[in-house]
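A.B. asks: only geometry, no sequence info:
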């Protein structure tokens, strides 16, 4: 039995809790921590409509005192936002799995911060790993996996075309869905429209795995303008306005484009004939031309990946790790 | 510098030697061993038209005495056929990478033999790993990789549809290409037509990675009958005769079909509209629907994969390993 605590009780944590409850002979759920008062007093069972009387609590000290082997953190995206969860978990002697995009390769956004995590993890003999579908799988680890059958890799071109329609108002705002083109440009300029978080991390993961020296990463964000009316329960987009954000990350070595990752996120892509999917092209010897359609759903894939890393992180070496430092990941079949 | 020796000087070894010579700052080629007298007296450079004066020799003792870190064995398919190469390499303190299909998961064909390899490798503190595209990647490791974003895996359906046209007479015979349907059935019955080697290994690798109990593996081989004339420099197939072998491996757990791997190998599949490719379907939550078209070439992919495992096996734990015990594989970029 692996003892696990979950930090966060939002959508991603709820999905992960379902995964955990599906493995009652493998995982002991020690506790669920959440800082939002409206979740306190409820049990996990009440929140996700399953049979489980573990309560959701703000008292992280009490949960960590139970000695989890692994703490799964599903809260926010940036290093400074997750540090108050990562550090006490590590100090309690727990391995950390965390879906924060910046943690997939924390040296990309803040090398000193990453080194501090690394030193702290080594001091306590545990591992920290950033997990998820993107970054963490489609646009990095899976590309790395495919490259292993190549004699030569000249360039990577990959894209993930997905559908934002199921998401709520926060995602619509951060992607600029429903704005005019002018509002979109203004939102990009003032940082209220961010697009995808993870290009620097994915490009750095590929470069690390290959031993490539990527000396420049450039990101561009363009509005996807719809020519038809597109709507969801949370947003209405008139023709001529913005239905999504075409975000591209490019990694260069000595001025040469080596890695191009394209991630256009929009509502109802099918309304103008765009098929969603995960696409990997390796230009090399041999070439790789991979399609997975439709795309692996971002939410479900992220909490599945996180759960499936639980048994692997137990045996991993101490330190701040990345998915390219880990064993081949795999589905963890519940013990019957 | 990693010191490498290559055992075998056939097509696969020649491809791997090209990979090795592309990494002059990373790999020191200590020697090439081959038992065929017609290859002796030649240098690697003469055999593969590159600049390299390492000779091909039958004197494996002398090559192993130079202390290779890794011996790459590209000779035959079955455990008893490679043992005379694996054992002295391990006794010389070298890690072994070997493309023999049976070595991808040697417990499938002979558990005692596999355990002997494991004990010997541990005794000498080195690792043995079976590598290749199939088994070793498309129909096992890549499926395992994809499963890591699944909450639930109910069943695997995968296929590799390839083109045998570039291969020589030995492959044509072992696949029954050019026979009548009656001759094909007779060849299957008497063991002269074998189809693909590797289904037991691939199914066992997936089962090991998932923790599935596969208690029965059933293989079927059917003739692919052409309705048009198909020819290569080595074989002519008249309409109504056999242009390939549709080989299927199925793994069951408690009578339930869990893994179905389909590998129809034929000459000129395009002549009747068959598109070659690698296809993976995971039926689970979420589903995976992956296509790589055209398929990764079997030869090139196999020696690329073998070369790319060289740096990874140096750091691997001692013993008889498999690709699902290893780190995420990746392209090894030559040091410039």
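C.D. replies: Nice, thanks for sending it over. Just so you know, these numbers come straight off a predicted model, no measurement behind them.

A.B. asks: How much space separates residue A:195 from residue A:219?
C.D. replies: Computed with C-beta to C-beta, to the nearest Å, the distance linking residue A:195 and residue A:219 is 8 Å. Bear in mind the C-beta positions are built from the backbone N, C-alpha and C, glycine included.

A.B. asks: Could you name every residue contacting both of those two?
C.D. replies: residue A:247 (C-beta atoms under 8 Å, 6 or more residues apart in numbering or on different chains).

A.B. asks: out of the two, which sits in the more crowded spot?
C.D. replies: Applying other C-beta atoms under 10 Å in any protein chain shown to residue A:195 and residue A:219 shows that residue A:195 carries more neighbours, namely 23 against 14.

A.B. asks: surely that one meets residue A:221?
C.D. replies: Yes - the criterion here is C-beta atoms under 8 Å, and residue A:195 meets it with residue A:221 at 4.7 Å.

A.B. asks: Overlap in contacts, the two.
C.D. replies: When contacts are counted by C-beta under 8 Å, 6+ apart, residue A:195 and residue A:221 are jointly contacted by A:245, A:247.

A.B. asks: The stretch 1-150 of chain A against chain B: which residues are in contact?
C.D. replies: A:15, A:18-19, A:22, A:133, A:137, A:141-142, A:144-150 (C-beta under 8 Å from any C-beta of the partner chain).

A.B. asks: Could you give the number of residues near residue A:223?
C.D. replies: 25.

A.B. asks: which element is it on?
C.D. replies: Residue A:223 is located in strand A:216-225, with elements delineated by DSSP states H and E.

A.B. asks: Within the sheet, what are the partner strands of that strand, with directions?
C.D. replies: strand A:242-253 (antiparallel) (DSSP bridges).

A.B. asks: which is the next helix or strand following the strand it pairs with?
C.D. replies: strand A:256-266.

A.B. asks: give me every residue that touches the residue most central in space within chain A.
C.D. replies: In chain A, the centroid-proximal residue (C-alpha atoms, centre = their mean) is residue A:132; its distance is 3.5 Å. Residue A:132 makes contact with A:99, A:101, A:104, A:301, A:302, A:305, A:306, according to C-beta under 8 Å, 6+ apart.

A.B. asks: Looking at those, which one is closest to residue B:315?
C.D. replies: Residue B:315 lies nearest to residue A:104 out of those, by C-beta to C-beta, at 22.6 Å.

A.B. asks: Surely the closest one is in contact with residue A:323?
C.D. replies: Yes - taking contacts as C-beta under 8 Å, residue A:104 lies within contact range of residue A:323: 7.1 Å.

A.B. asks: Can I take it that the residue nearest to the centre of chain A is in a strand?
C.D. replies: No - secondary structure of residue A:132 (DSSP: H, G, I helix; E, B strand; the rest coil): coil, not part of a strand.

A.B. asks: Residue A:174: how many residues sit nearby?
C.D. replies: When neighbours are defined as other C-beta under 10 Å, residue A:174 has 18 of them.

A.B. asks: likewise the one 5 residues further on?
C.D. replies: With neighbours defined by other C-beta under 10 Å, the count for residue A:179 comes to 23.

A.B. asks: Tell me the spacing between it and chain B.
C.D. replies: 30 Å (C-beta to the nearest C-beta, to the nearest Å).

A.B. asks: so what's that residue closest to, chain neighbours aside?
C.D. replies: residue A:242 (4.8 Å; C-beta to C-beta, 6 or more residues apart in numbering or on different chains).

A.B. asks: Check the gap between the one you found and chain B for me.
C.D. replies: 28 Å.

A.B. asks: got the contact list for that residue?
C.D. replies: By C-beta under 8 Å, 6+ apart, residue A:242 lies in contact with A:176, A:177, A:178, A:179, A:180, A:181, A:183, A:184, A:223, A:224, A:225, A:226.

A.B. asks: if we go to 7 Å?
C.D. replies: When contacts are counted by C-beta atoms under 7 Å, 6 or more residues apart in numbering or on different chains, residue A:242 is found next to A:176, A:177, A:178, A:179, A:180, A:181, A:184, A:223, A:224, A:225.

A.B. asks: ok but the second one is inside a strand, no?
C.D. replies: No - secondary structure of residue A:177 (three-state DSSP): coil, not part of a strand.

A.B. asks: Just give me the neighbour total for it.
C.D. replies: 31.

A.B. asks: now it: how far from residue A:166?
C.D. replies: 12 Å.

A.B. asks: Would you mind getting the angle between the strand holding residue A:223 and strand A:256-266?
C.D. replies: Between strand A:216-225 and strand A:256-266, the angle comes out at 30 degrees (axes from the mean of the first three to the mean of the last three C-alpha atoms, to 10 degrees).

A.B. asks: after the worst-scoring helix or strand of chain A on mean pLDDT comes which helix or strand?
C.D. replies: Ranked by mean pLDDT, DSSP states H and E, the weakest helix or strand in chain A is helix A:169-175, scoring a mean of 89. Sequence order places helix A:181-190 as the next helix or strand after helix A:169-175, per DSSP H and E.

A.B. asks: who does that following helix touch, helix- and strand-wise?
C.D. replies: Packing partners of helix A:181-190 (3 or more C-beta pairs under 7 Å, 6 or more residues apart in numbering or on different chains; DSSP states H and E): strand A:216-225.

A.B. asks: Report the buried residues of the strand it packs on.
C.D. replies: Residues A:217, A:221, A:222, A:223, A:224, A:225 are the ones in strand A:216-225 that count as buried (16 or more other C-beta atoms under 10 Å in any protein chain shown).

A.B. asks: Need the max-distance pair from the residues you listed.
C.D. replies: Using C-beta to C-beta, those span at most 26.1 Å, a distance reached by A:217 and A:225.

A.B. asks: Helices of chain A, residue ranges please.
C.D. replies: Counting by DSSP state H, residue ranges of the helices within chain A are A:11-21, A:44-48, A:60-64, A:79-91, A:111-124, A:141-147, A:169-175, A:181-190, A:199-210, A:298-308, A:310-314.

A.B. asks: Select, out of the ones you listed, the one closest to residue A:274.
C.D. replies: helix A:169-175 (15.2 Å).

A.B. asks: returning to what we had before: can you put the contacts of residue A:242 in a markdown table and add distance to residue B:118 and pLDDT?
C.D. replies: Shown next, in a markdown table, are the contacts of residue A:242 (distance: C-beta to C-beta, whole Å; pLDDT from 0 to 100):
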| residue | distance to residue B:118 | pLDDT |
| --- | --- | --- |
| A:176 | 57 | 96 |
| A:177 | 56 | 96 |
| A:178 | 61 | 95 |
| A:179 | 61 | 96 |
| A:180 | 66 | 97 |
| A:181 | 64 | 97 |
| A:184 | 60 | 97 |
| A:223 | 58 | 97 |
| A:224 | 55 | 97 |
| A:225 | 61 | 97 |
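
A.B. asks: How many neighbouring residues does residue A:170 have?
C.D. replies: The burial count for residue A:170: 9, using other C-beta under 10 Å.

A.B. asks: Residue A:205 touches residue A:326, doesn't it?
C.D. replies: No - if you go by C-beta atoms under 7 Å, residue A:205 and residue A:326 don't touch, sitting 11.2 Å apart.

A.B. asks: any shared contact partners between these two?
C.D. replies: Counting by C-beta under 7 Å, 6+ apart, residue A:205 and residue A:326 have no shared contacts at all.

A.B. asks: Tell me the spacing between the nearest residue to residue A:91 once chain neighbours are set aside and residue A:314.
C.D. replies: Closest residue in space to residue A:91, ignoring its immediate chain neighbours: residue A:124 at 6.4 Å, by C-beta to C-beta, 6+ apart. Distance of residue A:124 to residue A:314, given as C-beta to C-beta: 14 Å.

A.B. asks: I appreciate the help and will end here.
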